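1. I'll drop the sequence and a predicted model, then ask my questions.
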Amino acid sequence: MCCRRLGLSEDEVEDVASETFMAAYKALGRYAGRAELSTWLWSIAYRKGIDHLRKNRREWQLEDEQVEEIAGRREDGPAAAVQGKETERIVWEAVERLPKLWAMAIILYYREQKSVADIAEIMDTNENTVKTYLFRGRRKLKEILAEPFGEDMDAGK
């Protein structure tokens with residue numbers, strides 16, 4: 001999942017997953033238990049994915065997907081959009097259109113329920129950078145989702 005969020009193809013995901021498990025197996029004796037095992041594995045997968053991108057792609061662009069693609073699309077109606085599963089689908093589709101680092105931080109925080117400290121360790125950055133990614137990602141999601149839901153997203157505050 002981590003590697004897919006970085007934009008790797010299915011073949012690349014399989015390669016990086018294999019590299020991740022080999023690296024984890026080799027490093028298992030050095031696992032100190034300072035973080036949860038899942039956080040440790042996520043950090044290995046994330047680093048292997050980034051290494052793969054750096055090695056195999058000349059430019060890794062953190063591109064902003066076109067907001068119009070989501071914003072211009074309306075669902076069947078307000079009742080359908082309010083449905084739990086449909087709303088969740090729309091939100092996660094919007095997350096996938098965020099710049100890669102913002103999306104990764106949001107996925108780890110909300111879907112994987114990782115702490116900011118764990119995310120910082122996984123992404124090999126500091127906690128303030130993770131907080132910035134989360135802040136900017138939420139702000140951009142608010143813009144993207146305002147149109148499909150046909151309402152002012154500030155109204156819920």
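-> Received it, and whenever you're ready, just let me know what you need.
2. alpha carbons only for contacts and neighbour counts from here, please
-> Noted.
3. low-confidence ranges in the chain?
-> Scanning the chain for pLDDT under 70 picks out the ranges 1-3, 5, 56-85, 148, 150-157.
4. who's sitting farthest from the centroid in it?
-> What lies farthest from the middle of the chain is residue 29; by Cα atoms, centre = their mean that is 29.0 Å.
5. And that residue, how close does it get to residue 23?
-> Distance from residue 29 to residue 23, counting by Cα to Cα, to the nearest Å: 11 Å.
6. before we move on, what about residue 51?
-> Distance from residue 51 to residue 23, counting by Cα to Cα: 13 Å.
7. Same question for residue 30.
-> Residue 30 is 11 Å from residue 23, where distance means Cα to Cα.
8. Mind checking which of those two has more residues around it?
-> residue 23 (15 against 9; other Cα atoms under 10 Å).
9. Now for that one: which residues touch it?
-> Residue 23 makes contact with residue 44 under the criterion Cα atoms under 8 Å, 6 or more residues apart in numbering.
10. Quick one: classify the spatially most central residue of the chain as helix, strand or coil.
-> With distances taken as Cα atoms, centre = their mean, residue 104 lies nearest the centre of the chain, 2.3 Å away. With DSSP: H, G, I helix; E, B strand; the rest coil as the basis, residue 104 sits in helix.
11. In terms of residue numbering, what are the domains of the protein?
-> 1-60, 62-157 (automatic domain parsing).
12. Give the buried residues for the helix or strand that contains residue 16.
-> Per DSSP states H and E: residue 16 is located in helix 10-27. Neighbour counts over helix 10-27 (16 or more other Cα atoms under 10 Å) mark 12-13, 16-17, 19-20, 24 as buried.
13. And the next helix or strand past that helix?
-> Using DSSP H and E, the helix or strand that follows helix 10-27 in sequence is helix 37-56.
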